[in-house]
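Colleague: Here is the input, now give the coordinates:
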Amino acid sequence: MEVSIENVRRNKNSQSRKKYGLNQQITAIVLNPSKRKLQPEKIVLEKKARFGDSLNKMTNSLAALEENLKSLDDGFIESPHYIENGKMLGYQIAGLNWLIALYKSGLSGILADETGLGKTIQSISLIGYLQRVLKVNGQFLVVVPLSTLTVWENEFRRWCPSLNVISLYGHASVRQQTIKYLLNEKPYTWDVCLTTYETCKLQYSRTFLNLVHWHYVILDEGTRMKHESSLIAHCVQRLKSAHRLILTGTALNNMSLHELWRFISFLLPKEFESSIDVAIRFDDKGSLQNEPEVVHNLQALLEPLLLRRLKSEVEDIIPYKEIKLYVDLTHCQREWYRKILMENVEIVTGNGKAKIKKLHTMYMQLRKCTNHPYQIHGAEAGPPYSNGKHLVLNSGKMIVLDRLLAKLNKRKSRVLIFSQFKEMLDILEDYLTLRPQYDYCRIDSRVKIANHNKSIDEFQDPQSKKFIFLLTRSSSSMGINLTAADSVIFYDSDWNPQMNLQAISRAHRIGQSKEVRVFHLIAKGTVDEMFAERAGAKLKLADIANNSQLFMLETDAILSNDFTYNYSEWDKLVLRDSNKLVDQLFESV
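Modeller: Numbering: from 1, shown residues only. Sure, this is the predicted structure:
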């Protein structure tokens, strides 16, 4: 009988459904221990024993891995012959050898090199090795974020054009035609199916992906699985595969409990599933262990399966220079900042979940105000609205940015400007109409992926006249190479330092020959400064809620009606000091 997706739909495997339910149950237990009573000591000991047996099997595999790593006589010492149009770097070849040893030991793993070190080429070289050297009989699935799909397509074509790569994405009719082609090729003549996380969620595609028994599944940006209740996490978890690899730029010690659990449940052999929840969560007496102990246990389990290298360790890349520019609020910003605070004073003295929710809303409003008051409804005069000097003079950050861009343009620099707010990018575009000599590109979630790639190619062209690239971190944090830029400006900072590092890595990565300077614009005496200074500690809103004084950091002058200077005098001082700040900076570099 001909295999079809319709047949698979009609004959769903009941055992698969039971297993899926078990996975959900185990996940709920591990991540929500309060919902489960303490385990009887006998059950705990039995499950720990079962877990120990599984762990012994894994230990044997790890021993095999160690032996394979020691005896890499057949390992590559130079770029493999099947890699074309360029040469792999030394540490990338070492990464390939590690992946091969992992494969030969029957283990799945995590390639966690720092962003910009070429996890893509290492993954492609592994597939090339298995297909062209070992000549394995099987298909490969690579799941990537939509924003990097074209990057992966280009990298496959460049490095290993002999592989037959089929992309599965797009409109429903296109996906159905692609799936029909993939299924009807018997024996399969294609090597790699390249798809997106978004496509994995769609029913028709999901059924096809579950139908094939993949030889290898590779997840790019594997932290997309960190939300255990997400459909994406469930879809990739159910894929049938002999070997699995996760790509991430996140260090093991920076992963949350949710991320660690998702990684383990995706990578480890199936025999772990029935016992790992109890073995990790409970001690020998059946008592729940606290979360730090659980995280430590999970990290210890994953550590042998992970390879991570830093740029500073493997490449002679010029370190980037980080510069923090502390700017004053203009009179307009001070007035709106004060208004927002006074309207929400009761939040600081409140408590509970309602407080956290309101606190988040208040924080976002204050943050927008420190960027530009025109992000606050009612701050800009109009309608009708008009562009003019007021776009610059009503924001302390814009005053500094205007001066900074003039200096960088004079030096023939190329600039990336990041903001978390699309509305702020809109204001920056309005500002750029006042500076027509600054040619620019823009990427955010409103811009189609095809236009993303066109903008990137234009900016990267050595003959390009593009001076500025406007980006949101969320739409540009993965897989994008913008090494034509030597300056990065954070108009506002992310409170997750990992997001800032990923943004910096758009310019500071392999292939960058110039010194990269990173500028942070920070509004003095505001929540903007508070979060910028504490980003390294991963400060959470809940932490702030429990310490109300943090919220009033240096805001006394803003709350006071007794300004030392009037409107005009204050803004003249802000303009003078801002220009002086930038001028002094460039005198010293």
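Colleague: And for Asn500, the neighbour number?
Modeller: For Asn500, the number of neighbouring residues by other Cβ atoms under 10 Å comes to 23. Backbone N, C-alpha and C define where each C-beta goes, glycine included.
Colleague: show me the contacts for it.
Modeller: 473, 490, 493-494, 535 (Cβ atoms under 8 Å, 6 or more residues apart in numbering).
Colleague: Would you mind naming the helix or strand containing the residue lying closest to Val527 once chain neighbours are set aside?
Modeller: Once flanking residues are discounted, Val527 sits nearest to Leu366: 4.9 Å by Cβ to Cβ, 6 or more residues apart in numbering. Secondary structure from DSSP states H and E places Leu366 in helix 352-371.
Colleague: Beyond that helix, next helix or strand please.
Modeller: Downstream of helix 352-371, the next assigned helix or strand under DSSP H and E is helix 390-393.
Colleague: From Asp444, how far out is Phe519?
Modeller: Plainly put, Phe519 is 20 Å away from Asp444 if you go by Cβ to Cβ, to the nearest Å.
Colleague: more crowded one of those two?
Modeller: The neighbour comparison of Phe519 against Asp444 (other Cβ under 10 Å) goes to Phe519, with 23 against 18.
Colleague: For Ile480, see how far away the more buried one is.
Modeller: Distance, Phe519 to Ile480, by Cβ to Cβ: 20 Å.
Colleague: Over to Ile456?
Modeller: Applying Cβ to Cβ, the value for Ile456 to Ile480 is 6 Å.
Colleague: Tell me how many other residues crowd Asp259.
Modeller: If you look again at residue 259, you'll see it is Glu, not Asp. 20.
Colleague: close enough to count as contact, it and Ala233?
Modeller: No: Glu259 lies out of contact with Ala233 (Cβ atoms under 8 Å); the separation is 10.5 Å.
Colleague: Quick one: mean pLDDT for the helix or strand hosting Ala503?
Modeller: Counting by DSSP H and E, the element that carries Ala503 is helix 497-504. Helix 497-504 carries an average pLDDT of 81.
Colleague: Quick check: bridge partners of the residue lying closest to Gly222 once chain neighbours are set aside?
Modeller: Nearest residue to Gly222, sequence neighbours excluded (Cβ to Cβ, 6+ apart): Ile246, at 3.6 Å. Under the criterion DSSP bridges, Ile246 forms beta bridges with Ile110, Leu219.
Colleague: Distance check, Ile246 against Lys324.
Modeller: As judged by Cβ to Cβ, Ile246 and Lys324 stand 34 Å apart.
Colleague: These two - which one has more neighbours?
Modeller: The residue with more neighbours, out of Ile246 and Lys324, is Ile246; 25 against 14, by other Cβ under 10 Å.
Colleague: ok, now which ones touch the more buried one?
Modeller: Ile246 sits next to 109-111, 218-219, 222, 263, 266-267 when contact means Cβ under 8 Å, 6+ apart.
Colleague: Of those, which is the nearest to Gly138?
Modeller: If you rank the contacts of Ile246 by distance to Gly138 using Cβ to Cβ, Ile218 comes first, at 13.1 Å.
Colleague: what about the strands in the chain?
Modeller: For the chain, the strands defined by DSSP state E cover 109-111, 140-144, 165-168, 192-196, 213-219, 240-247, 306-307, 321-327, 415-418, 440-443, 468-471, 487-490, 517-523.
Colleague: May I have the strands that pair with the shortest one, each with its orientation?
Modeller: Each strand that pairs with strand 306-307, with its direction, by DSSP bridges: strand 109-111 (parallel).
Colleague: Off-centre distance for the strand it pairs with?
Modeller: Distance, stretch centre to chain centre, for strand 109-111: 16 Å (Cα atoms, centre = their mean, to the nearest Å).
Colleague: List the contacts of it.
Modeller: With Cβ under 8 Å, 6+ apart, strand 109-111 has contacts from 95, 99, 102, 119, 122-123, 222, 245-248, 263, 267, 302, 305-307.
Colleague: Narrow the residues you listed to those in helices?
Modeller: Of the contacts of strand 109-111, the ones assigned to helices by DSSP state H are 95, 99, 102, 119, 122-123, 263, 267, 302.
Colleague: Turn those into JSON lines, including neighbour count, distance to Gln177 and pLDDT.
Modeller: Shown next, in JSON lines, are the ones in helices among the contacts of strand 109-111 (neighbours: other Cβ atoms under 10 Å; distance: Cβ to Cβ, whole Å; pLDDT from 0 to 100):
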{"residue": "Gly95", "neighbour count": "25", "distance to Gln177": "36", "pLDDT": "93"}
{"residue": "Leu99", "neighbour count": "22", "distance to Gln177": "33", "pLDDT": "94"}
{"residue": "Leu102", "neighbour count": "24", "distance to Gln177": "36", "pLDDT": "89"}
{"residue": "Lys119", "neighbour count": "24", "distance to Gln177": "31", "pLDDT": "94"}
{"residue": "Gln122", "neighbour count": "24", "distance to Gln177": "32", "pLDDT": "97"}
{"residue": "Ser123", "neighbour count": "24", "distance to Gln177": "27", "pLDDT": "98"}
{"residue": "Phe263", "neighbour count": "27", "distance to Gln177": "34", "pLDDT": "81"}
{"residue": "Leu267", "neighbour count": "21", "distance to Gln177": "33", "pLDDT": "84"}
{"residue": "Leu302", "neighbour count": "20", "distance to Gln177": "39", "pLDDT": "77"}
